[in-house]
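*Asks:* How does the following fold in three dimensions:
(2 chains, ligands or ions: 1)
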Amino acid sequence: MATNNRPLSPHLQVYRPQLTSTLSILHRMTGIALALGTLLLVWWLIAAATGPTAFDNVQNFIGSIFGRILLFGWSYALFYHLCNGIRHLVWDSGNGFELKTAYASGWLVVVASIVLTVICWIAGYAMQGGV
Amino acid sequence: MSIRTPLGRARGLGSAKTGTDHWWMQRVTALALIPLVIWFVVSMIIVTGADHETALAFIGSPINAVLLTLLIIATFYHGQLGLQVVIEDYIHSKWLEVALILLVKGAAIFLGVASVYAVIAIALGG
Ligand code: HEM
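*Replies:* Take a look at the predicted model:
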């Protein structure tokens, strides 16, 4: 099959970024980030099964500044991907495609993912009794 | 030359070789992940900063061990399907594409089995 002279769609860069396209690529990026984030869960579980020293190592890593920043990023990625994933599933059911609805649900995802992340970190620190 | 018509050859699953299974399982696992992830986040907030004993008690309790196992299976199944699509979209060298997909699937199986094993070891050991 000749692949060289076929018409190509313009490069993505020529399009003005819009809410819908930005949220779409964010879903992909958060999916990849979450796939990498599973490594932390795997490490946590295996360390717990291994013994107290191994477990302390993970807990110290998670508790460090770097660990907290990573965890914060992953928690936002998880909430974004969860909320936007639900938006995707609604589309898959054949609903929510009108332009106005797609924008409204997009903004809802942005707000909900930020609010959920903030609530979780406040709850997390409250459970630990402070920063 | 074959006397089969193009339609005859395209019947069944056609040149794609597979049906809607990949797409469908990505949605099924996504659906399963909604309650599992919510449960997981709430649980992690509760056990945050726990010492080893508390963590073992949490992971090893029957209901948590079952939910963790389901979460691990759904996550690696879903993540592996998703990464496959990303690789298919961006990697245009055939051998590299196949190699990366196999690597992702292998890693998902290895990490998934290791995590489930850890959960079961804790649940049965405690
Ligand atoms: C919280 C529950 C989750 C829901 C509701 C969900 C939902 C979805 C949906 C509907 C898609 C398909 C999007 C599309 O059609 O382009 C998707 C893609 C994906 N998900 Fe999730 N997901 C969840 C959790 C996760 C987790 C924990 C991971 C990490 C392993 C993950 C990794 C991915 C990846 C890598 C993709 C592919 C992205 C792409 O093709 O652009 N997801 N998710």
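
*Asks:* how about the one helix or strand A:Leu39 maps to: buried residues?
*Replies:* Here A:Leu39 sits within helix A:19-50, counting by DSSP states H and E. In terms of neighbour count (16 or more other Cβ atoms under 10 Å in any protein chain shown), helix A:19-50 has its buried residues at A:23, A:26-27, A:30-31, A:33-35, A:37-38, A:40-49. For glycine as for every other residue, the C-beta is placed from the backbone atoms N, C-alpha and C.

*Asks:* So which of those reach the ligand?
*Replies:* Among these, the ones lying near the ligand by Cβ under 6 Å from any ligand atom are A:His27, A:Gly31, A:Leu34, A:Ala35, A:Thr38.

*Asks:* Which residues are in contact with the residue nearest to the spatial centre of chain A?
*Replies:* The residue lying closest to the centre of chain A (Cα atoms, centre = their mean) is A:Ala77, at 1.9 Å. Shown in contact with A:Ala77 (Cβ atoms under 8 Å, 6 or more residues apart in numbering or on different chains): A:Met29, A:Thr30, A:Ala33, A:Leu34, A:Gly37.

*Asks:* What helix or strand is the closest residue to the third one other than its chain neighbours located in?
*Replies:* Pointing back at A:Ala33 there. What sits nearest to A:Ala33 in space, not counting adjacent residues and going by Cβ to Cβ, 6 or more residues apart in numbering or on different chains, is A:Ala77, at 4.5 Å. Element membership of A:Ala77 [criterion: DSSP H and E] is helix A:65-92.

*Asks:* picking that back up, quick one: the helix holding A:Leu39 to helix A:65-92, angle?
*Replies:* 130 degrees (axes from the mean of the first three to the mean of the last three Cα atoms, to 10 degrees).

*Asks:* returning to that earlier point: let me know the closest of the contacts of A:Ala77 to B:Ile46.
*Replies:* The shortest gap between B:Ile46 and any of the contacts of A:Ala77 belongs to A:Gly37, at 19.4 Å (Cβ to Cβ).

*Asks:* Please report how far the closest one lies from chain B.
*Replies:* According to Cβ to the nearest Cβ, to the nearest Å, A:Gly37 and chain B sit 10 Å apart.

*Asks:* OK, contacts around that residue?
*Replies:* A:Gly37 neighbours (Cβ under 8 Å, 6+ apart): A:Trp74, A:Ala77, A:Leu78.

*Asks:* and stretch B:118-126, how far from the chain's centre?
*Replies:* Offset of stretch B:118-126 from its chain centre (Cα atoms, centre = their mean, to the nearest Å): 22 Å.

*Asks:* overlap between the contacts of A:Gly37 and the residues near the ligand?
*Replies:* Okay, of the contacts of A:Gly37, nothing touches the ligand (Cβ under 6 Å from any ligand atom).

*Asks:* if we can go back for a sec, what's the spacing between the helix or strand following the helix holding A:Leu39 and its chain's center?
*Replies:* Sequence-wise, the next helix or strand downstream of helix A:19-50 (DSSP H and E) is helix A:52-63. Distance, stretch centre to chain centre, for helix A:52-63: 24 Å (Cα atoms, centre = their mean).
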